[in-house]
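>>> what follows is a protein structure lacking sequence information:
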């Protein structure tokens, strides 16, 4: 049996405008991170190499889709081993993916894990260092609760390395389950943090944002 196609029917422009007016987050969101070398090279080279492969994966399901990439941020690790390297993080927002359901979300997560493996990801330790990390953050207002997948991501609103890229894409975006914008959620996290705040990288070939 074929896997569910998460992008079989694109939402209309009117539907997207109505959702935006209501404060609903656009489409789905995927977080990217890396702090170990991969077959593609150092973390920056990994994310630059993974970007077109992730685009091809998503667009291969169907369309039309609109992809909105954040800048990359240099971030301190949260949790896991105390001596692991700093991360590079970013976020991708995808508009046009309609009719969300948990089966399709699990299928998409499996594809993301497959892409991680292409770049040498090994799941040895929770919150441990990784050559590539791809997290499904949300898909509209879809709610899924299982051992394999929880949507919206349960720690979405606690992570400055996610909120900073989101705010860089759209400061007025309100993530699922939040009562404030990404920018307003980020401010108290940074004020209370003991580690350095996320540092935005300048755009470059392969990642111009």
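Great, that's in hand. Predicted, not measured: the structure shown is a model, and the values here were computed from it.
>>> show me which helix runs longest in this protein.
When secondary structure is assigned using DSSP state H, the longest helix within the chain turns out to be helix 43-61.
>>> tell me the buried residues in that helix?
For helix 43-61, a neighbour-count test (16 or more other CB atoms under 10 Å) marks 43, 44, 46, 47, 48, 49, 50, 51, 54, 57, 58, 61 as buried. To be clear about C-beta, it is placed using only N, CA and C from the backbone, and glycine gets the same treatment.
>>> after it, which helix or strand is next? Please name it.
With elements assigned by DSSP states H and E, the helix or strand that comes after helix 43-61 is strand 66-69.
>>> any buried residues in the lengthiest strand in the chain, and which?
In the chain, taking DSSP state E as the definition, the longest strand is strand 87-95. The neighbour-count criterion (16+ other CB under 10 Å) identifies 87, 88, 89, 90, 91, 92, 93, 94, 95 as the buried residues of strand 87-95.
>>> got the residues you listed as CSV, with distance to residue 205 columns?
Conversion of the buried residues of strand 87-95 to CSV gives the following (distance: CB to CB, whole Å):
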residue, distance to residue 205
87, 21
88, 16
89, 19
90, 16
91, 20
92, 18
93, 22
94, 23
95, 25
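>>> could you report the pLDDT at residue 188?
At residue 188, the pLDDT value in this model is 92.
>>> in a helix, it, correct?
Yes. Residue 188 forms part of a helix when assessed by DSSP: H, G, I helix; E, B strand; the rest coil.
>>> centroid residue for this protein?
Geometric centre of the chain, nearest residue: residue 31, 1.8 Å, by CA atoms, centre = their mean.
>>> ok, which stretches of the protein are strands?
Secondary structure of the chain by DSSP E: the strands cover 28-34, 66-69, 73-75, 87-95, 133-139, 144-145, 150-151, 199-200.
>>> now render those as CSV, adding distance to residue 170 and mean pLDDT.
Written out in CSV, the entries for those read as follows (distance: least, CB to CB, whole Å; pLDDT from 0 to 100):
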stretch, distance to residue 170, mean pLDDT
strand 28-34, 11, 96
strand 66-69, 8, 94
strand 73-75, 15, 96
strand 87-95, 8, 95
strand 133-139, 14, 94
strand 144-145, 24, 92
strand 150-151, 20, 92
strand 199-200, 15, 96
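>>> cool, thanks, signing off.
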